[in-house]
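S.K.: What follows is a predicted structure for the sequence shown.
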Amino acid sequence: MNDQFLQTAESLKPQLTSTEITLKNSDARPLKEGESEVFDFGNHYVGYVSISFASQGSHPDAPALIKVTFGETLRDIEEDTSDYRSWISRGWLQEETVHLDILPCTLALPRRYAFRYAKVEVIAVSSKYSLVINSLSARAVTSAPEEIELCGNTKRERDIDRVALCTLSECMQDVFEDGPKRDRRLWLGDLRLQALANYCTFAHNDLVKRCLYLFAATADDEGRISACVFTEPQVAPDDTFMFDYSLLFIPTLAEYYHATGDRAAAEELLPLALKQLDLAEKNMDNFVVRDSSVLGWCFLDWNLALNKQAGAQAVYIYAAKAAADLCRDLGLDPSDCERRAKCASDAAVKAFYDSLKGLFASGKDGQVSYAVNVWFVLAGVLTKEKNAALLKRLQSYEGAIKPVTPYMYHYYVQALIDSGLKDEAKAVMLSYWGAMLDVGADTFFELFDPENPEASPYGSRAANSYCHAWSCTPSYFARKYFCKRS
């Protein structure tokens, strides 16, 4: 642990603001064993819930046993989790079974939840009384500043912006969390996209700086940056390292410097950022990333069929170019980073570009995917005109592996913009994030496949997060590229 970096991070820990929401159950009906009631808070919140109970009938002669389920969507509380099967622990499920020994009472649940809906089920009461739910109250928390003006040229665009802003705000706690339901910690890939949206919306730039220093403080003895960081009970890195996430520390730092002009932080963290290039090259031979089977976990997207070898190569090139730009901005010699980027770019064309298909292909089977080709567009290996033609070919290529997360869709939209296909980029944004609106999203999801809305990489959709940080970037795209300015 780098104590100096940790001290900087902790000095930037934000104060959370809270909002009280109360639901009066004025038409409360008495509930017997096996009955339940669903409550709608009207919007997505992150916070702490209390429930006021009473009884009707004879004096309660036995405790009431209840189950409370919180849902980010209505489907969440309708999900049957009795046969939950997932490699994600069921401990993340927002379900509580509680005894009420004395009635009336107010049950103050100690956990923090992410929710719009709450369902209270009566598992057991005696035959001599019924349970009555008088009210529910919530204390919602965030470190986001006050609400900001919506951006959009149409109602549809403003609705998408509103939900994107809510998503970002809900994930702004004492760090930029990836999801307030699950995993409730700081992930580097999410941070990069949250920071981009933050700069043009809430401008809580000290929170970005805090997160950068948390990653820097928890780098291991080799300088490897963990994919995520825990902050409780004390700051600690996860033991998960991702090839692409570690490299994304470089553009995240560069974008922070461009947004804030904080030269001291950029200079202090630059050596660690550049170290990620050295570490990545341990997984390369002659500037070609080894096959993904020996690469380790490179994320790119939550499509389990995705071959990631070529995508990892493209992320390396992208990061090396970002490092060169940052060095240049700080008045330092960029030539070493430029050399690395050129060597990796030249090697990539030889190793991964399929001239017959006019696309980049990955792995020994030559898999074609959006993730790989999008990252090569972003890395600028080909010219802008050739990138535009490549994306057109990709869209019509039968069997191309498509994105399944807002994270990968963000990079697809950016690739279209970078290739001069701005109108098409906007259409993709409105179509993809708009489809989540059409299924009732109050906040945008961790994963959404329009062709398979039930999809989950975890084996159970109950484990999915429906307010997830990496889905907030329509607010960034709207303000930087799409909104008409007066």
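M.R.: Arrived safely. Numbering: from 1, shown residues only.
S.K.: Mind jotting down where the strands sit in the stretch 151-300 of the chain?
M.R.: Along the stretch 151-300 of the chain, the segments classed as strands by DSSP state E, counting those that start in this stretch run 186-187, 228-230, 236-237, 284-285, 288-289.
S.K.: which one of these has the most crowded surroundings?
M.R.: Neighbour counts (mean count of other C-beta atoms under 10 Å) averaged over each of those peak at strand 186-187, with a mean of 28. To be clear about C-beta, it is placed using only N, CA and C from the backbone, and glycine gets the same treatment.
S.K.: Just tell me which of the strands of the stretch 151-300 of the chain ends up closest to Ser89.
M.R.: In terms of C-beta to C-beta, the element of those nearest to Ser89 is strand 228-230, at 15.0 Å.
S.K.: Can you tell me the SS state at Leu378?
M.R.: Secondary structure for Leu378, judged by DSSP: H, G, I helix; E, B strand; the rest coil, is helix.
S.K.: can you pull the contacts of it?
M.R.: Counting by C-beta atoms under 8 Å, 6 or more residues apart in numbering, Leu378 touches 314, 318, 411, 414-415, 418.
S.K.: A helix includes Leu65, no?
M.R.: No - according to three-state DSSP, Leu65 belongs to no helix; its state is strand.
S.K.: Count the neighbours of it for me.
M.R.: By other C-beta atoms under 10 Å, 16 other residues sit near Leu65.
S.K.: cool, and Ser137?
M.R.: Ser137, neighbours per other C-beta under 10 Å, totals 17.
S.K.: what's the spacing between it and Arg184?
M.R.: Separation of Ser137 from Arg184 (C-beta to C-beta, to the nearest Å): 22 Å.
S.K.: swap in Val235?
M.R.: Val235 is 14 Å from Arg184, by C-beta to C-beta.
S.K.: can the strands of the stretch 151-300 of the chain go into CSV with extra columns for mean pLDDT and distance to Val120?
M.R.: Listed next are the strands of the stretch 151-300 of the chain as CSV, based on pLDDT from 0 to 100; distance: least, C-beta to C-beta, whole Å:
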stretch, mean pLDDT, distance to Val120
strand 186-187, 98, 33
strand 228-230, 98, 32
strand 236-237, 98, 36
strand 284-285, 96, 55
strand 288-289, 96, 52
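S.K.: got TSV for these, with distance to Lys364 too?
M.R.: Shown next, in TSV, are those (distance: least, C-beta to C-beta, whole Å):
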stretch	distance to Lys364
strand 186-187	30
strand 228-230	31
strand 236-237	33
strand 284-285	15
strand 288-289	13
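S.K.: closest to Glu446 out of those?
M.R.: Closest approach to Glu446 among the strands of the stretch 151-300 of the chain (C-beta to C-beta): strand 186-187, 11.1 Å.
S.K.: Contacts for stretch 349-361 next, please.
M.R.: Here stretch 349-361 makes contact (C-beta under 8 Å, 6+ apart) with 288, 309-310, 313-314, 348, 362, 366-368, 372-373, 376, 381, 389-390, 393-394, 397.
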